[in-house]
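Trainee: Next one to model:
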Amino acid sequence: MKSFSVKSLIISLVLLLGAGLALAMKPNHKIANDASKINLETLVPKQFGEWRIDEKIVPVVADPQQQEALDKIYNQILARTYVNAKGQRIMLSIAYGGDQGDSMQVHKPEVCYPAQGFQVLNTSQGTLPLEQSQETIPVKRLVASQGARTEPITYWTTVGDQVAVDGLKWKLAQLKYGLTGSIPDGLLFRVSSIDADEKRAFVLQERFVNDLIGALDSAGQVRLVGMLNKRNE
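Mentor: Residues are numbered from 1 along each chain as shown. Here you go, the predicted structure:
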């Protein structure tokens, strides 16, 4: 009986010590407070290259219940539709959150599209090459459909200054900041278009992203795509 009490006491002390250590190491410094404040409305040009804003078509709009959840995750959401001289349209959505800690994580298209009645078809991970800088953005591509509407989608997410579309990489990037006592900010960048030909749609989306990133200064580029690797590295 005595040995059992001692064993229980030791276990209790270890648990208390672990809880105290976890509390002491809990990240509490938001890196978003260190950098210059982001303003998506001014960061993303309304016209660049061959693209200009088209008010006729808007990206998928969240229902009130979803919007309430999104408001808890994101500080800013930018939704625009761009069109070029050929009448080709790209829907752009960027959602920025200053807190990408354990309780706040990006709301990915695989979740928000089905919630709006879409069926998510094939998904894949890949890279999107940036022509000017010879860098690549890790991206995820998927196709969503609803009735006669087919919408190929390209997106990526950032954690601090890193792109992480894979769940494990996202968590590792988050932990890297957590070990320094910091809470990273992050965003979700999504482009999509209505096109039954997904290959053609992804080529157009790649061109749009290149035109947009090329129109930004270096600080704006880092805000949207983080620190990237050269293609030959």
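
Trainee: which residues does the closest residue to residue 225 other than its chain neighbours contact?
Mentor: Spatially, and ignoring its direct neighbours in sequence, residue 225 is nearest to residue 137 (5.3 Å; Cβ to Cβ, 6 or more residues apart in numbering). For glycine as for every other residue, the C-beta is placed from the backbone atoms N, C-alpha and C. Applying Cβ atoms under 8 Å, 6 or more residues apart in numbering to residue 137 gives the contacts 127-128, 130, 156, 163, 209, 225, 228.

Trainee: Give me the ChimeraX select line for these, limited to the buried ones.
Mentor: Selection of buried members from these for ChimeraX, criterion 16 or more other Cβ atoms under 10 Å:
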select :128,130,156,163,209,225,228
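
Trainee: Dump the contacts of residue 137 to JSON lines, plus distance to residue 147, secondary structure and pLDDT.
Mentor: As requested, these are exported to JSON lines (distance: Cβ to Cβ, whole Å; DSSP: H, G, I helix; E, B strand; the rest coil; pLDDT from 0 to 100):
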{"residue": "127", "distance to residue 147": "32", "secondary structure": "strand", "pLDDT": "95"}
{"residue": "128", "distance to residue 147": "29", "secondary structure": "strand", "pLDDT": "96"}
{"residue": "130", "distance to residue 147": "35", "secondary structure": "strand", "pLDDT": "94"}
{"residue": "156", "distance to residue 147": "28", "secondary structure": "strand", "pLDDT": "95"}
{"residue": "163", "distance to residue 147": "33", "secondary structure": "strand", "pLDDT": "86"}
{"residue": "209", "distance to residue 147": "28", "secondary structure": "helix", "pLDDT": "98"}
{"residue": "225", "distance to residue 147": "34", "secondary structure": "helix", "pLDDT": "91"}
{"residue": "228", "distance to residue 147": "37", "secondary structure": "coil", "pLDDT": "72"}
